[in-house]
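Enquirer: Kindly return the folded structure for what I paste below:
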Amino acid sequence: MKFSIKAAALVALSSSATMAMAEDNTALAKLGLSFSGNAALTSDYRFRGMTQTQSDPAVQGSFTISHTSGLYFSAFASNVDFGVAEGKDPHLELDPSIGFSTPLNISEHFKPVLDVGIVEYNYPSATDDFNWTEGYLKLTFADVFVKGSSLLTNVNYTDDWAAVGGDSWNFNVGYSAPFGDTGFGGLANVGYTTMDKKALPDGKDNYVDWKVGVNYAVKSIPGLTAELAGVGTNIDTDGLSGAAKRGVETGAVFTLTKTF
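Expert: From the prediction side, this is the model:
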């Protein structure tokens, strides 16, 4: 019931934001700027396969201000719960990022979009320092195999993974495609993270994460999408507590997202 009430509130608030942003975008366009964003409600905030909320729901939002030059600034926010000692556990994640995005005109029919930038993972409500910084490089290919589809590849690097120190690389490939004109679509994603410290829950220094699911664009509410996906990792759960196991094992995650 609580999830349903929050979902209804999400739609109402996002609809109001959509109308307000449409007016703001007209003014911003004169400066070569554009604004976009989204609000989301998810049953479990999973970051690269691992829960950030002790397998509980999260309310999230993000926005991006872009310039015609390709420069942009983004920010993402979500509630979090790492399950650490009381009084030290962060309850808010706020991630600003800055980057540059541009199409690569390799040929008439082959124009992947290059996106490079830096993101800062911030936890302002924590008493301990959980903040860390990561650089990223992404290539997005449109209409791969199916019209309207998208293939994303990205590489991320940090020298302070999850604020525990140590170099870390993340490699990721994701694909999404519509199922004709039905409003439904499918998605699949696989990532690999490696680091020079054995800092994972199972005491290892690398792991694989994945996500496979379906989504549906609600025709009666433009910009509203529902997604159901299986998300998990290959992290060994032997010896972990029940909560820790649920947070890295494969589980179903339902998400409602409203773009504006």
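
Enquirer: Against Asp159, how distant is Leu200?
Expert: 17 Å (CB to CB, to the nearest Å). Any C-beta I mention is one placed from the backbone N, CA and C, and that applies to glycine too.

Enquirer: Report how many residues lie close to Val119.
Expert: Residues lying near Val119 (other CB atoms under 10 Å) number 20.

Enquirer: about what we covered before: out of Leu200 and Asp159, which sits in the more crowded spot?
Expert: Each of Leu200 and Asp159 has its neighbours counted (other CB under 10 Å); Leu200 has more, 19 against 13.

Enquirer: you'd agree the more buried one is up against Ile235?
Expert: Yes. Counting by CB atoms under 8 Å, Ile235 is a contact partner of Leu200 at 6.1 Å.

Enquirer: Quick check: beta-bridge partners of the most centrally placed residue in the chain?
Expert: The chain has Phe47 as the residue nearest its centroid, 7.2 Å off, counting by CA atoms, centre = their mean. Assessed by DSSP bridges, Phe47 has beta-bridge partners Met50.

Enquirer: cool, Asn215 as well?
Expert: Beta-bridge pairing for Asn215 (DSSP bridges): Gly185, Glu227.

Enquirer: ok so, going back, any residues in contact with both of Leu200 and Ile235?
Expert: Listed as contacting both Leu200 and Ile235 by CB atoms under 8 Å, 6 or more residues apart in numbering are Tyr207.

Enquirer: what's the spacing between the nearest residue to Asn79 once chain neighbours are set aside and Phe76?
Expert: Spatial nearest neighbour of Asn79, excluding adjacent residues (CB to CB, 6 or more residues apart in numbering): Ala58 at 5.3 Å. Plainly put, Ala58 is 11 Å away from Phe76 if you go by CB to CB.

Enquirer: pLDDT score assigned to the residue lying farthest from the centre of the chain?
Expert: Using CA atoms, centre = their mean, the residue of the chain lying farthest from its centre is Glu108. It sits 30.5 Å away. Glu108 is assigned a predicted lDDT (pLDDT) of 73.

Enquirer: repeat for Ser16
Expert: Reported pLDDT for Ser16: 51.

Enquirer: again with the one 3 residues further on
Expert: According to the prediction, Met19 has pLDDT 52.
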